[in-house]
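Q: Everything below, folded, please.
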Amino acid sequence: MTVPFTTPDPQAVAHSHITGFARHAGMDGADYATLHRWSVTDLEGFWGAVWEYFDIDADTPYERVLAEETMPGARWFTGATLNYTHHALRTFADDAVAVIALDETGSGYEVTAGRLRSQVASVAATLRDLGVGKGDRVVGYLPNTPHAIVAFLATASLGAVWSVCGQDYAPRAAADRFAQLEPTVLIAADGYLFNGTTHDRRDAALELAVALPTLKATLLVDHVGLRWSAQPHSSLVIPWEDAAGRTEQLACTPVEFDHPLWVVFSSGTTGLPKGIVHGHGGVLLEHLKALGLHSDLGPGDRLMWYTTTHWMMWNLVASTLLTGAATCTFDGSPAPLAEPDILWKLAARHRVTVFGTSPQYLLGMAKFGIDPSVHDLSSIRVVGCTGSTLPASAYPWVRDHVGERVLLASISGGTDVVSGFAGSAPNTPVWAGELSAPHLGVALAAYDAEGSPVLDQVGELVVTRPMPSMPLYFWNDPDGTRYRDAYFSSYPGVWRHGDWITLTSHGSVIVHGRSDSTLNRNGVRLGSADIHDIVERLPEVTEALVIGAEEPDGGYWMPLFVVLAAGVVLDDALREKIKEAIRSGASPRHVPDEILEVPGIPHTRTGKKLEVPVKRLLQGAPLEHVVNRGAVDAPELIDHYARLGAERRRRPA
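A: Next up is the predicted model:
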């Protein structure tokens, strides 16, 4: 058996919430593997215990935990009525800090729970006066500030449905999402900060408002101090200060367990973004489990996770409040040129206990020689990491530069379930380059091509039993066809997520990349993430992308695109160094056919590499059929790959 990189700290385990939960469930002393086995074989017992342990305050009690298990269509906690906002605000004393607003300049302010309740009550009353009620939609064009959390909680308190995206989205891209929802109210900020620049988004906000004809009103947020001068459209305009400054009492509307809470959208890189709908109760239980048990958050803790409002991590960050812990918002670049270690500095200053980020951030810190340990990071217990695969090389760096006893929790999940499928917990070992275990309540399996579960082999990531946070439905998908096609067309009744994973015999999970962009060389399936991990460790390479493209003549072309560090030249010696690193770190099969320098790698706006669209461009698909430029972080890069594909097709055979 592989030796773990770290093993659980017995003292931390003894005082953890997951140990308290096991004791509550009558499984005192059970190890993680035993807990997980129970959690997926007895869904009703496990989720009923989660309900009890976190003392869910239902207005109407449930009749049964799981009345129907069929996927899709599982029916959870039938008969129960409750409200997410009530649970987010119920545990805090008025003078306790609930939200800490931070930005890249290092400045910030604290919002007490009393102030948060007051603002939520005021905005909810304003929305109610505008006619917003149960089932209506409210949308936000906002950076990651307390305004977004207040607006979300106010919307949810009414039983209305929330959706938000960041202001780096162009108005047309935001409208592609929001117009589907036919919203009643838009809440928009004047701008945001990024890398030393204040980005004025007043005109963009007004353009977005015009593109949403169903609006009754627009609430205008003064975040960066720019004066609003124009009217967005003929409907009512309300300054945020007026909407949030009233004296009101908060009254949360009880809704059914599966009443829509929010709509989160797919990246929309290959078509109109899909609106994914999650419910009050499912999110409440899933996030209490993920944050309370896996991240060990509770009263007195503080979470800071770098995210934008259009990434599902923002939804999880907002849910920190459910546990009684404080959450941090952050506006700006995670590594601004003026102070690239600003996040670590703020984590030290505000005594953050759970610090969340991405693999690219940790690798960038290491590559550019930034040492977080110059700050007092003794409060950090967990470093969470998600968005892509965290390579093994990052684990020693976190140990040496953040803290020897810090739990490095690499997590894999998705917007689809607005949570994780696998990660870590206080009582799991950590293996470098691997996720410690499937999350509690997640019946995770790896399926081979015949649909049989495999161990220690690469297979499709599937979930064989339902989770409460699986989507209720897709927006504008009345008969559920798009929903079924997205997850259940390959294995009827079993969720297929679209990732290649290996479940190991020592209980961990290895993620190899998206299965729809799998490299398939001579019938051997290779994970793109395995190659990216190796190449991006090299100091000469800042980022890499490997593609496997089937060609019309039956051939197979596997190029590796690399973005080079400043001053580096891609010569024969570097090409050979890259090939040898791949050959020795993976296998000879993983060595690409060509290594090509490119100016950059295109990503979705949540940071995922656009492997499938680039592959299709290289195969000759028309650009307008391949990718929605508004959903790409650097649209000009798409043109570069389209030209590469055209040039290759013009080469003589």
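
Q: for the stretch 51-200 of the chain, what spans make up the strands?
A: Under the criterion DSSP state E, counting those that start in this stretch, the stretch 51-200 of the chain contains strands at 64-68, 75-78, 81-82, 97-103, 108-112, 137-141, 161-165, 185-189, 191-194, 197-200.

Q: Could you export those as JSON lines, including mean pLDDT and distance to A244?
A: Bear in mind the C-beta positions are built from the backbone N, C-alpha and C, glycine included. Compiled in JSON lines, the strands of the stretch 51-200 of the chain are given as follows (pLDDT from 0 to 100; distance: least, C-beta to C-beta, whole Å):
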{"stretch": "strand 64-68", "mean pLDDT": "97", "distance to A244": "38"}
{"stretch": "strand 75-78", "mean pLDDT": "98", "distance to A244": "33"}
{"stretch": "strand 81-82", "mean pLDDT": "98", "distance to A244": "25"}
{"stretch": "strand 97-103", "mean pLDDT": "98", "distance to A244": "13"}
{"stretch": "strand 108-112", "mean pLDDT": "97", "distance to A244": "11"}
{"stretch": "strand 137-141", "mean pLDDT": "98", "distance to A244": "13"}
{"stretch": "strand 161-165", "mean pLDDT": "97", "distance to A244": "16"}
{"stretch": "strand 185-189", "mean pLDDT": "98", "distance to A244": "10"}
{"stretch": "strand 191-194", "mean pLDDT": "96", "distance to A244": "18"}
{"stretch": "strand 197-200", "mean pLDDT": "96", "distance to A244": "22"}
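
Q: Ok, which of the ones you listed comes nearest Y491?
A: For Y491, the closest of the strands of the stretch 51-200 of the chain is strand 64-68, at 18.9 Å, according to C-beta to C-beta.

Q: other SSEs contacting the lengthiest strand in the chain?
A: As assigned by DSSP state E, the longest strand anywhere in the chain is strand 495-503. Helices and strands touching strand 495-503, by 3 or more C-beta pairs under 8 Å, 6 or more residues apart in numbering; DSSP states H and E, are strand 412-414, strand 444-447, strand 458-463, helix 481-487, strand 509-514.

Q: about what we covered before: which one of the strands of the stretch 51-200 of the chain lies closest to Y473?
A: strand 161-165 (12.2 Å).

Q: Contacts made by the closest one with the rest, please.
A: Applying C-beta atoms under 8 Å, 6 or more residues apart in numbering, the external contacts of strand 161-165 come out as 135-142, 148, 151-152, 155-156, 173-174, 177-178, 181, 183, 260-265, 275, 277, 309-310, 314.

Q: one more time with 6 Å
A: With contacts defined as C-beta atoms under 6 Å, 6 or more residues apart in numbering, strand 161-165 is touched by 137-140, 142, 148, 152, 155, 174, 260, 262-263, 309-310.

Q: again, but for stretch 361-368
A: With C-beta under 6 Å, 6+ apart, stretch 361-368 has contacts from 334, 394, 397.

Q: ok so, going back, now flag whichever of the contacts of strand 161-165 is closest to A634.
A: H310 (16.2 Å).

Q: How many residues are close by the nearest residue to that closest one once chain neighbours are set aside?
A: Excluding its sequence neighbours, the residue lying closest to H310 (C-beta to C-beta, 6 or more residues apart in numbering) is C165, at 4.0 Å. Neighbourhood size, C165 [other C-beta atoms under 10 Å]: 25.

Q: Any idea what C165 is bridged to?
A: Y141 (DSSP bridges).

Q: how close does it sit to V317?
A: With distances taken as C-beta to C-beta, to the nearest Å, C165 is found 15 Å from V317.

Q: what's the answer for H512, then?
A: 27 Å.

Q: what does A449 give?
A: 38 Å.

Q: of these two, who's got more company?
A: More crowded of A449 and V317, by other C-beta under 10 Å: V317, with 24 against 9.

Q: for the contacts of strand 161-165, which one is nearest E594?
A: Using C-beta to C-beta, H310 comes nearest to E594 of those, at 34.6 Å.

Q: Give me the number of neighbouring residues for that closest one.
A: 30.

Q: Tell me the pLDDT of it.
A: pLDDT recorded at H310 is 89.

Q: I'd assumed G166 was in contact with it.
A: Yes: the pair H310 / G166 is scored as a contact, 4.8 Å apart, by C-beta atoms under 6 Å.

Q: next structured bit after the lowest-mean-pLDDT helix or strand in the chain?
A: For the chain, counting by mean pLDDT, DSSP states H and E, strand 524-526 ranks last in confidence among helices and strands (a mean of 63). Using DSSP states H and E, the helix or strand that follows strand 524-526 in sequence is helix 528-535.

Q: which intervals of the stretch 551-653 of the chain have sub-threshold pLDDT?
A: Within the stretch 551-653 of the chain, the ranges that satisfy pLDDT under 70 run 552-555, 625-626, 651-653.

Q: where exactly do the strands run in it?
A: According to DSSP E, counting those that start in this stretch, the strands that the stretch 551-653 of the chain contains are 556-557, 559-564, 594-597.

Q: Just the C-alphas of stretch 121-136, formatted as CSV.
A: C-alpha atoms of stretch 121-136 as CSV (Å, rounded to 0.1, in the frame of the first residue of the first chain):
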residue,chain,number,x,y,z
ALA,A,121,-34.5,42.3,6.2
SER,A,122,-34.4,45.7,4.6
VAL,A,123,-33.6,44.4,1.1
ALA,A,124,-36.2,41.7,1.4
ALA,A,125,-38.8,44.3,2.3
THR,A,126,-37.7,46.4,-0.7
LEU,A,127,-38.0,43.4,-3.0
ARG,A,128,-41.4,42.5,-1.5
ASP,A,129,-42.6,46.0,-2.2
LEU,A,130,-41.5,45.6,-5.8
GLY,A,131,-43.8,42.5,-6.1
VAL,A,132,-41.1,39.9,-5.7
GLY,A,133,-42.5,36.7,-4.1
LYS,A,134,-42.2,33.0,-4.0
GLY,A,135,-40.7,31.7,-7.3
ASP,A,136,-39.8,35.1,-8.8
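
Q: and it, which residues are buried?
A: Within stretch 121-136, the residues that count as buried by 16 or more other C-beta atoms under 10 Å are 121-128, 130, 132, 136.
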